[in-house]
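Participant: Quick one: sequence plus predicted model below, questions after.
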Amino acid sequence: MWDPSLPREKKDELYEIQERWEHTYLDECISRMRRSKTFKPRQAAIMFWCAAEVEHFPARAYAQTTRIEVGTVLGYFAALSGQRAFRPNKMGSVPREGIFVGADEKFSGRRYLSGLLENHWRPFPKDPQTTREAVLEFLDEF
């Protein structure tokens, strides 16, 4: 949980640590997925969880980075599969089995994300536990 009362230097340090961790493991998962001979992610999974906003910061869109990362990952795999852009109705060729997205019912972009993904892709969990269980079930199969 982000603590707005932290000193600026500590916030910057924690941000850099978090950013480095996210990029390292997103890159690792994407690399493992790309190496799969059938272009299906059999060795890794990426989970995005969009929590409800606790404190509003007007200068920044809530979950801005997460929204960009979800779009980047989906777009990247759409491009690898030969698509020019992410199109939910064409998701059959994208290795969706290893990419999991869920959002709290109070998440400000939930309606859009669920409409985009759930109708053409997979169930869109409303709690982190269900999202986590889907990832673990997927990984247990391999």
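Facilitator: On my side now, so go ahead.
Participant: Now do the helix or strand harbouring residue 31: distance to the chain's middle.
Facilitator: Per DSSP states H and E, residue 31 falls inside helix 8-35. The chain centre lies 13 Å from the centre of helix 8-35; the measure is CA atoms, centre = their mean, to the nearest Å.
Participant: Now do the helices in this protein.
Facilitator: In the chain, the helices defined using DSSP state H lie at 8-35, 64-80, 110-117, 128-140.
Participant: so what secondary structure elements neighbour the longest one?
Facilitator: Spelled out, it's helix 8-35. Where contact means 3 or more CB pairs under 8 Å, 6 or more residues apart in numbering; DSSP states H and E, helix 8-35 is packed against strand 46-50, helix 64-80. In short, each C-beta sits where N, CA and C put it, glycine included.
Participant: model confidence over it, on average?
Facilitator: Averaged over helix 8-35, pLDDT sits at 86.
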